[in-house]
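[1] predicted model, plus sequence, below.
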Amino acid sequence: MTMIKESYPVKADDMTSAGDVSARIKRQMKQLGIPASVVRRVSVGTYEAEINLVIHSDGGRIDFEISPEKITIRVVDQGPGIPDLKKAMTEGWSTASNEVRNMGFGAGMGLPNMKRNADEFDIQSTVGVGTDITMIFNI
Ligand SMILES: Nc1ncnc2c1ncn2[C@@H]1O[C@H](COP(=O)(O)OP(=O)(O)O)[C@@H](O)[C@H]1O
Ligand SMILES: [Mg+2]
């Protein structure tokens, strides 16, 4: 049984609204009485994924689904895709520009943190097509 299923677009390069979708999802989880530890883990994963859409992708969307036993976050973008997933998953590895780093992003911890916080983590990426991430958090 699905209680909530929503999809939010995320624009590329739009730093002013970066974080808005994850903040909204966090608010909804709190309103539904999801345990604080779960809210925290989902929020970290969703925020990192959202920032990656803004700073690395050509734009995409975040799907958010809650059932009584789990929260599913799916993050899909329209490119450019990740050439080497193993490198991308390495702590501290980042292709972020100096401009992005000066804004406080690009520590290379986003993908490792998503994997660490989720109970299930799957990433598929094809250069020229895009990246598709699914994170599942047990409630
Ligand atoms: N949605 C994406 N589209 C294209 N490349 C991505 C995407 N997400 C991550 N990457 C690549 O993987 C690298 C590591 O990502 P991450 O661990 O979040 O670190 P950071 O965002 O700080 O660079 C990024 O620097 C980028 O090269
Ligand atoms: Mg990142």
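    Done, it's in. Ligands and ions are numbered 1, 2, ... in the order given.

[2] mind checking how far whichever residue of the chain sits closest to ligand 1 is from Lys5?
    Residue nearest to ligand 1 within the chain (C-beta to the nearest ligand atom): Gly110, separated by 2.2 Å. Backbone N, C-alpha and C define where each C-beta goes, glycine included. Noted for Gly110: a distance of 25 Å to Lys5, by C-beta to C-beta, to the nearest Å.

[3] which one's more surrounded, these two?
    Gly110 (23 against 11; other C-beta atoms under 10 Å).

[4] touching, the more buried one and Glu48? I think so.
    Yes. Assessed by C-beta atoms under 8 Å, Gly110 is found in contact with Glu48 at 3.9 Å.

[5] OK, contacts around the residue of the chain closest to ligand 1?
    Residues counted as contacts of Gly110 (C-beta atoms under 8 Å, 6 or more residues apart in numbering) are 48-49, 51-52.

[6] so which of those belong to helices?
    Cross-referencing the contacts of Gly110 against helices under DSSP state H gives 48-49, 51-52.
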